[in-house]
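Participant: compute the structure for the input listed below.
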Amino acid sequence: SPRVNDQKCDPESDIAPLLSSVLFGNVKAQHVVQAAQDVLSKFRGQVPESMTSLQDITGIGPKLSQILNIVNRRDTYTSQA
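Facilitator: Residues are numbered from 1 along each chain as shown. Model (predicted):
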């Protein structure tokens, strides 16, 4: 399977078909790959929890960062054990 950190991921052939029902799927596929590269390069592969850091990722603005800030908290997953 394609891996962003191996630079083997082609947005048009690997991701765009998965987004074919979405408007501007090719552009969104490129943004998905760029966002993954941002997480790898800026945050060592760990999706950040703070809204400010989340907005440093391609394609994440204030509204999405607020949502992710709530649902992407590590303590949410560790306290359910």
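
Participant: ok, residue 31 - how many residues close by?
Facilitator: By the criterion of other CB atoms under 10 Å, residue 31 has 17 neighbours. Quick note: C-beta positions are derived from backbone N, CA and C, even for glycine.

Participant: go ahead and confirm it touches residue 58.
Facilitator: Yes. Judged on CB atoms under 8 Å, residue 31 makes contact with residue 58 at a distance of 5.7 Å.

Participant: could I have the CA atoms of the lengthiest helix in the chain written out in PDB?
Facilitator: Counting residues, the longest helix found in the chain (DSSP state H) is helix 25-43. The C-alpha coordinates for helix 25-43 follow below in PDB (Å, rounded to 0.1, in the frame of the first residue of the first chain):
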ATOM      1  CA  GLY A  25     -11.600  15.100  -5.700                       C
ATOM      2  CA  ASN A  26      -8.200  15.400  -7.400                       C
ATOM      3  CA  VAL A  27      -7.500  18.700  -5.500                       C
ATOM      4  CA  LYS A  28      -8.600  17.200  -2.200                       C
ATOM      5  CA  ALA A  29      -6.500  14.100  -2.800                       C
ATOM      6  CA  GLN A  30      -3.400  16.400  -3.200                       C
ATOM      7  CA  HIS A  31      -4.400  18.100   0.000                       C
ATOM      8  CA  VAL A  32      -4.700  14.800   1.900                       C
ATOM      9  CA  VAL A  33      -1.100  13.900   0.800                       C
ATOM     10  CA  GLN A  34       0.200  17.300   1.700                       C
ATOM     11  CA  ALA A  35      -1.500  17.100   5.100                       C
ATOM     12  CA  ALA A  36       0.100  13.700   5.800                       C
ATOM     13  CA  GLN A  37       3.500  15.100   4.800                       C
ATOM     14  CA  ASP A  38       2.900  18.100   7.100                       C
ATOM     15  CA  VAL A  39       2.100  15.700  10.000                       C
ATOM     16  CA  LEU A  40       5.300  13.700   9.300                       C
ATOM     17  CA  SER A  41       7.600  16.700   8.800                       C
ATOM     18  CA  LYS A  42       6.300  19.100  11.400                       C
ATOM     19  CA  PHE A  43       5.000  16.800  14.100                       C
END
